[in-house]
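Q: quick one: sequence plus predicted model below, questions after.
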Amino acid sequence: QEHLLKYWDVLGDDERSALAAQIRKIDFAAVSDAFRRATEAHAATSKLDDKMKPVPADCMAHVGTDPALIKEWGEAGLRLVREGKVGVVLLAGGQGTRLGTKHPKGMHDIGLPSHKSLYQLQAERLVKLQRNAAACEDGGATTAAAAVPWYIMTSEKTKAETQAFFEAHGHFGLHSGNVQFFEQGLFPCVDFEGRVILESPCQIAMAPDGNGGVYAAMRRSGVLEDMERRGVEYVHVYCVDNCLVRMADPVFIGYCAGRGAKAGNKVVSKAFPTEPVGVLCLVDDKYRVVEYSEISPDTAKHRNADGQLTFNAANIANHFFTVPFLRQVCDQFAAEMLPHIARKKITYCCGDAEAERLAKEARRKQAADSEHAADEVATTRWTGVHTVKPVEPNGIKMELFVFDVFGFTKEMAVLEVARESEFSPLKNGPSAAKFTAATARADLMAEHKEQILAAGGQVHHDEEEDGELVCEISPLVSYCGEGLERYCKGKVFMSPICIDAQSEEVGSDAAAAATSAAATTAASGTPLFIFGQPAREECHVVLQRGSPTLQQ
């Protein structure tokens, strides 16, 4: 890797110090080993059809099968939350570039009436979960609510802005000491020969190491030690982009813990046989999420005798782990995780000769009226050095996936949930057909409508006449539909509907400290004024301490 010092002579003292410091931080032997293992595995990759088996039926359950079991798992999960044995890890390293913004994706407003960001929706679900857990099983008294620590993995580019966002909003009602930020690792970008790429004469090209870098980051940052110190035994891990995610879902936690699982995964049924999603299955008798590109269309479409797809467990980045298993992964298995290869266009620097060659190539394409764009070459402040933005992939970013640790245990629990209730990711800008802010918003509002119906209410809405359904229930009112009967049963609603809970700015440490007292007001049922709306006006019901308020 001696080429990294190619431009040493044109650098100033500070620039030399910066480059030297970056070089010292990199374990080049580990980079070479990762490149070798990743490229060998990539070259040997073939379709996995003959090695795949579906998830065994005895380690999989469905939320729609037995209401009594769901109740049992949920109560067990709430008990673990109340005992302080549950924590949450959020994978939030991504920026919203594909959404048309440079801000962290969790700050995105999907267009709800409340204009709550993804971060706020998730924080308020955690607040409400703690309130629910604080309610004793006798249905009347409350106990001191144990906090659910929230560990948020950011990236180098998103950490400062994410922390500032939480601070500006008082951590959305959570105690600041229970919200911890830690940073995802970086890995050098390399060319197709394994040589580390220089982005500029004094800067090595680096990229996040994937959401599977969470394990090394937890160990490096002290997050894992903090979990052990607090007595956390079970951890929910999820990705930031899902507006329907159920934070530390007590049903999921209770189910996995009750089975004695070391790892767990929520899945949904595939929307259609060839849906481009990873599927959970066994490969060589080890649990693995197989990407859609790794299996043939025939296998993707294969059905069992009952007509169900054989490989139907679509992964939704919603996981459970025990803390002892995470410790084992960090101390023992992390080095065995195989990096995945992503061929990318990576900015690099070059000398005059290479710049001239690229310029000639650009002129040749222009003269030929070629439809193919040319690499963009720009001069720099360093004499004889140019930067190049390629139009074709010129290098490799290596990344780890969070679910790659499933293969390290046979003690696995799988819970199939309803897609419409629990999975609506935000991945694309408004011009895309799916996974946009509009589809996420529509899915969340449709779920809230179903919660009103399940609670005995009615929602009158004519899409042709009324347009998009507007129906939002604050997570501070209900975590996932529970407790709405007293407010909705026998009532008629007309879109637009917004049922909110007014608190102390959902926000301050003082508010969070009151979780076991003031916060449990909602759990025991503060009076709420709801009515059958006779006119097409906005129904904005606000749940307050004291007298109920109706805002129109």
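A: Okay, I see it. Numbers count the residues shown, from 1 in each chain.
Q: where's the most far-flung residue of the chain relative to its centre relative to Glu361, distance?
A: Distance from the centre of the chain peaks at Ala367, with 47.0 Å (CA atoms, centre = their mean). According to CB to CB, to the nearest Å, Ala367 stands 11 Å off from Glu361. Yep, even glycine has a C-beta here, placed from its N, CA and C like the rest.
Q: which residues are in contact with Val179?
A: Pro149, Trp150, Ile152, Phe166, His171 (CB atoms under 8 Å, 6 or more residues apart in numbering).
Q: correction: the previous question concerned Val391.
A: Contacts of Val391 by CB under 8 Å, 6+ apart are Lys345, His372, Ala373, Ala374, Asp375, Glu376.
Q: what of Trp382?
A: Counted by CB under 8 Å, 6+ apart, Trp382 has contacts Tyr7, Val10, Leu11, Pro201.
Q: tell me the pLDDT of the third one.
A: Here the pLDDT value assigned to Leu11 is 94.
Q: from Val385, how far out is it?
A: 10 Å.
Q: doesn't Ile499 belong to a helix?
A: No. Counting by DSSP: H, G, I helix; E, B strand; the rest coil, Ile499 is not part of a helix but strand.
Q: you'd agree it is up against Tyr487?
A: Yes. Using CB atoms under 8 Å, Ile499 is in contact with Tyr487, at 7.3 Å.
Q: could you find the closest non-adjacent residue to the residue nearest to the spatial centre of the chain?
A: In the chain, the C-alpha nearest the mean C-alpha coordinate belongs to Cys239, at 0.8 Å (CA atoms, centre = their mean). Computed as CB to CB, 6 or more residues apart in numbering, the closest residue to Cys239 that is not its neighbour in sequence is Ala317, at 4.2 Å.
Q: got a list of what the nearest residue to Arg82 once chain neighbours are set aside touches?
A: With CB to CB, 6+ apart as the criterion, Arg82 has its nearest non-adjacent residue at 4.3 Å, and that residue is Ala133. Ala133 sits next to Leu78, Arg79, Val81, Arg82, Ala145, Ala146, Pro250 when contact means CB under 8 Å, 6+ apart.
Q: give the next helix or strand downstream of the longest strand seen in the chain.
A: Scanning the chain for the strand with the most residues, using DSSP state E, yields strand 313-322. Using DSSP states H and E, the helix or strand that follows strand 313-322 in sequence is helix 323-328.
Q: buried sites along the helix or strand just after that next one?
A: Next in sequence after helix 323-328, counting helices and strands by DSSP H and E, comes strand 340-344. For strand 340-344, burial by neighbour count (16 or more other CB atoms under 10 Å) applies to His340, Ile341.
Q: partners of strand 340-344 in the sheet?
A: Take DSSP bridges as the rule and strand 340-344 pairs in its sheet with strand 395-399 (antiparallel).
Q: what touches both of Leu11 and Val385?
A: By the contact definition CB under 8 Å, 6+ apart, Leu11 and Val385 are jointly contacted by Pro201.
Q: now the helices for the stretch 1-150 of the chain?
A: 13-25, 28-44, 67-82, 118-134 (DSSP state H, counting those that start in this stretch).
Q: any idea which of those gets closest to Ser269?
A: Among the helices of the stretch 1-150 of the chain, helix 67-82 comes nearest to Ser269, with 17.6 Å by CB to CB.
Q: run the angle between the closest one and helix 118-134 for me.
A: Orientation of helix 67-82 against helix 118-134 (axes from the mean of the first three to the mean of the last three CA atoms, to 10 degrees) gives an angle of 100 degrees.
Q: buried residues in helix 67-82?
A: Neighbour count says helix 67-82 has Leu69, Ile70, Trp73, Gly74, Ala76, Gly77, Leu78, Arg79, Leu80, Val81, Arg82 buried, by 16+ other CB under 10 Å.
Q: returning to that earlier point: ok, the contacts of Ala133 vs Ala18, which is closest?
A: Among the contacts of Ala133, Ala146 lies closest to Ala18 (CB to CB), at 44.9 Å.
Q: would you quantify the distance from that closest one to Leu78?
A: 11 Å.
Q: now do Pro430
A: 38 Å.
Q: what helices and strands are in contact with the helix or strand containing Glu356?
A: Using DSSP H and E, Glu356 falls within helix 352-367. In terms of contacts (3 or more CB pairs under 8 Å, 6 or more residues apart in numbering; DSSP states H and E), helix 352-367 is packed against strand 376-379, strand 385-389.
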